[in-house]
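J.: no FASTA, just this:
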């Protein structure tokens, strides 16, 4: 990633969450902490950010800790008439900053504050964090739990036992649980839209590279359904990426192997989850003297970094901010409404943002 691209990403996250942390960004972008510090120093000199301990904040804005949001830290500011919303997410860096912004925007508009807790995929602490949010005064909970697209049974049981309204974000309950309010992105439909776009551009084979994540099984299901429904060649490669140290030989080889599979099967189009994987795939193509879209047309899934790639990536863009807004409205309505109101489930369709990497504009 070029320096301007990296700094634009820093500013984007800062505008979404109010704070960026050096350690998180260094790991995510695969650069040293010193590199991030230099970026922040340059942005501070330009008046774009204000340095804080371990990171940076927007000018004239107080740093927000990992457990606070909206009007401030638990117990430090009076809540509005709507009380406090507890928000549990796996990350405050990738994918979820826009969700957080949506929740905070609606909460502020309706007189509530937000208390944020993290339960990372690598070290899930759902049950502890739910208890902490309740102890901090949350009158309702918005929960994007660690793990897969289905919330764990133990998480649903703890939420039910907490005896407060809750809404699941990007998660659904298991089929043996009672229905509950949910707001999810239609990731299966997003993958179908990507494959359909390639089909409209004349591709008969569309590969898939999917990094392990809660979203990946839904993307695989959408890809498979679209290939079958559109009558495309099922011989196109489908690979599941592995979680490997950035920059390692093994990490590079998994992209090389996917490229080899595409070339061997005559596949000239691929859907790639996530943006980071699509950017790394672009780099591996360039090292082989190949380019997108001429040799391999690409559509990324997530649209977090896609427009900053060396070849701007066409991307499936889940409506993350809208997801947070809908979820906050649902929870606040639940808190203000009569007991026993109907359970609501909202599925939001992602958008396809067409850029250069797919090789053509959307066909009418």
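T.: Structure received. Because the structure is a prediction, the values reported are computed rather than measured. Numbering: from 1, shown residues only.
J.: and residue 298, helix, strand or coil?
T.: The three-state assignment at residue 298 reads strand, by DSSP: H, G, I helix; E, B strand; the rest coil.
J.: is it bridged to anything, and to what?
T.: Using DSSP bridges, the bridge partners assigned to residue 298 are residue 270.
J.: how much space separates it from residue 336?
T.: 45 Å (Cβ to Cβ, to the nearest Å). Backbone N, C-alpha and C define where each C-beta goes, glycine included.
J.: tell me who's in contact with the residue most central in space within the chain.
T.: With distances taken as Cα atoms, centre = their mean, the chain has residue 95 as the residue nearest its mean C-alpha position (2.4 Å). By Cβ atoms under 8 Å, 6 or more residues apart in numbering, the contact set of residue 95 is 302, 304, 320.
J.: can you check residue 235 too?
T.: 205, 265, 267.
J.: what pLDDT does the residue lying closest to the second one once chain neighbours are set aside get?
T.: If the residues on either side of it in the chain are set aside, residue 265 comes closest to residue 235, at 5.2 Å by Cβ to Cβ, 6 or more residues apart in numbering. Among the per-residue scores, residue 235 shows a pLDDT of 96.
J.: and the helices in the stretch 101-250 of the chain?
T.: 126-135, 153-162, 187-200, 216-229, 249-265 (DSSP state H, counting those that start in this stretch).
J.: quick one: which of the contacts of residue 95 has the most company?
T.: residue 302 (27 neighbours; other Cβ atoms under 10 Å).
J.: that one reaches residue 277, doesn't it?
T.: No. Using Cβ atoms under 8 Å, residue 302 is not in contact with residue 277; the gap is 9.5 Å.
J.: pull the number of nearby residues for residue 83.
T.: Using other Cβ under 10 Å, residue 83 has 17 other residues around it.
J.: quick one: contacts for the nearest residue to it once chain neighbours are set aside?
T.: Excluding the flanking residues, the one nearest residue 83 by Cβ to Cβ, 6+ apart is residue 139, at 3.9 Å. Contacts for residue 139 (Cβ under 8 Å, 6+ apart) come out as 83, 84, 85, 164, 165, 335.
J.: state the pLDDT value of residue 139.
T.: Per-residue pLDDT puts residue 139 at 95.
J.: one more: residue 363?
T.: Looking at residue 363, the pLDDT reads 37.
J.: tell me which two of the contacts of residue 139 sit farthest apart.
T.: 84 and 165 (12.5 Å; Cβ to Cβ).
J.: quick one: stretch 222-230 to chain centroid distance?
T.: The chain centroid and the centroid of stretch 222-230 are separated by 23 Å under Cα atoms, centre = their mean, to the nearest Å.
J.: who does the nearest residue to residue 262 once chain neighbours are set aside form a beta bridge with?
T.: Spatially, and ignoring its direct neighbours in sequence, residue 262 is nearest to residue 207 (5.4 Å; Cβ to Cβ, 6+ apart). Applying DSSP bridges to residue 207 gives these bridge partners: residue 270.
J.: from residue 141, how far out is residue 207?
T.: Distance from residue 207 to residue 141, by Cβ to Cβ: 39 Å.
J.: do the same with residue 167
T.: Separation of residue 167 from residue 141 (Cβ to Cβ) stands at 8 Å.
J.: ok, residue 177 next?
T.: Taken as Cβ to Cβ, the span from residue 177 to residue 141 is 16 Å.
J.: more neighbours, these two?
T.: Ranked by neighbour count (other Cβ under 10 Å), residue 177 and residue 141 place residue 141 first, with 24 against 15.
J.: quick one: contacts for that one?
T.: Each residue near residue 141 by Cβ under 8 Å, 6+ apart is listed here: 85-88, 130, 133-134, 159, 162, 164-167, 331.
J.: recalculate using a threshold of 6 Å.
T.: By Cβ atoms under 6 Å, 6 or more residues apart in numbering, residue 141 lies in contact with 86, 166.
J.: hey, what's it bridged with?
T.: residue 86, residue 166.
J.: related to what we said a few turns ago, which one of the contacts of residue 139 is nearest residue 18?
T.: Once Cβ to Cβ is applied, the member of the contacts of residue 139 that ends up nearest residue 18 is residue 85, at 16.5 Å.
J.: just to check, that closest one is in contact with residue 112?
T.: Yes. Using Cβ atoms under 6 Å, residue 85 is in contact with residue 112, at 5.4 Å.
J.: in which helix or strand would I find the nearest residue to residue 105 once chain neighbours are set aside?
T.: The shortest distance from residue 105 to any non-neighbouring residue, by Cβ to Cβ, 6+ apart, is to residue 325 (6.5 Å). Secondary structure from DSSP states H and E places residue 325 in helix 320-336.
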